[in-house]
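In: Just the structure for this:
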Amino acid sequence: GSKCIGLCTSNLGSIAAATVDAGGLGDSFAGGRTVQEDVIDETTGLPQIKPLPNLYLLALEKLNNCSNLPSRDVAAVEDSVVGVTAAKAAGVGTILGVLNRKDNSTSDATEAREALLAAGADIVFDTTVAAIDYCMTNSDVTNQTTISAMDEDSILREKESVVRRYFQGVNEKDPEMMASCFAPEVQLCDMCGPSRGQPRVASSTDMADRCMEFLAAHPDCVVQFEHGPVCDREGKWVWCHWFEKGTWSGESRGIPPKHTKLDVGGHTRFMLEKQHGKQKIVKQVVFRTFSEWELSL
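Out: Residues are numbered from 1 along each chain as shown. The predicted structure follows:
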């Protein structure tokens, strides 16, 4: 109930009150509101706000006094690294990160997700509403079994986000963004090319360079999805159906343009593994049609 819900914000009390009232949430924080004015250092006169733990320590004390709720049974919802850092330092039992971006598939959103996890979030949701819904439907969100299930779902979403970031790099003609999605060594299987699916090993830079050669021939190329990217049921592969539109209007690898339309599509499966704390593409299996430029090579 509302006795178990508190507000912990670095904002001034007046700003917090106006925000709460504007959202019609006046009765939603019976567990207490903790704001900037509550943690003023008497010596310096400065507020001890996030990322310091003072706000959360006071908020936890209020929750315990109101509902006899120990810190290990408290879940915090945070959208910033400083907030996650403060909650972690105060000993909050479970920390739910939230992105709240207009588009959670962008490279900025991916970096924000990774930063929240690195700061100590147990899982990251796309929105605050999604995090609260999860709390409402799981009576013991701090239970380790529940957290493990949340963790698994977070891993799947992270894998899908990396694949989306790779295709974003293609559309933005950004070789560094593309290369950052791959492991140092990638196994590539082109099922429809001359190799007929025989695997070959390429570096992350090779993978990006290969795309840039294609984009040099088709500078207006745009990739769109028909389905995916989405993890399979076992979480082993991320797959997607895609198509590319554009024009062969640029010279690449010494082949002059013929100014014909680009209209190709395919199905790609990506296998990802965590390396140095981040999900990376380690294997790519492609079924696709070919552009006239590719057939001219």
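In: What pairs with the helix or strand encompassing Val201, parallel or antiparallel?
Out: Taking DSSP states H and E as the criterion, Val201 maps to strand 200-203. With DSSP bridges as the test, strand 200-203 is paired with strand 182-190 (antiparallel).
In: returning to what we had before: what's downstream of the strand holding Val201, the next helix or strand?
Out: Following strand 200-203 toward the C-terminus (DSSP H and E): helix 204-217.
In: Report all helices and strands that that following helix contacts.
Out: helix 144-171, helix 175-180, strand 182-190, helix 292-296 (3 or more Cβ pairs under 8 Å, 6 or more residues apart in numbering; DSSP states H and E). (Each C-beta comes from the backbone N, C-alpha and C, glycine too.)
In: Kindly recompute the last result at 7 Å.
Out: Packing partners of helix 204-217 (3 or more Cβ pairs under 7 Å, 6 or more residues apart in numbering; DSSP states H and E): helix 175-180, strand 182-190.
In: would you turn these into CSV with mean pLDDT, mean neighbour count and distance to Ala112?
Out: Shown next, in CSV, are those (pLDDT from 0 to 100; neighbours: other Cβ atoms under 10 Å; distance: least, Cβ to Cβ, whole Å):
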stretch, mean pLDDT, mean neighbour count, distance to Ala112
helix 175-180, 96, 18, 15
strand 182-190, 95, 18, 21
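In: Dig out what Ala76 forms beta bridges with.
Out: Assigned bridge partners for Ala76, using DSSP bridges, are Ile95.
In: For it, the count of nearby residues, please.
Out: 25 (other Cβ atoms under 10 Å).
In: now Met136
Out: 9.
In: so what does the helix or strand encompassing it touch, helix or strand wise?
Out: In the assignment (DSSP H and E), Met136 maps to helix 128-137. Applying 3+ Cβ pairs under 7 Å, 6+ apart, one finds that helix 128-137 contacts strand 75-78, strand 94-98.
In: Return the set of buried residues in that helix.
Out: Across helix 128-137, burial judged by 16 or more other Cβ atoms under 10 Å covers Ala131, Ile132, Tyr134, Cys135.
In: measure the residue nearest to Ala75 when sequence neighbours are not counted to Val124 for me?
Out: Once flanking residues are discounted, Ala75 sits nearest to Thr94: 4.3 Å by Cβ to Cβ, 6 or more residues apart in numbering. Here Thr94 is placed at a distance of 13 Å from Val124 (Cβ to Cβ, to the nearest Å).
In: who's more crowded, those two?
Out: Val124 (28 against 23).
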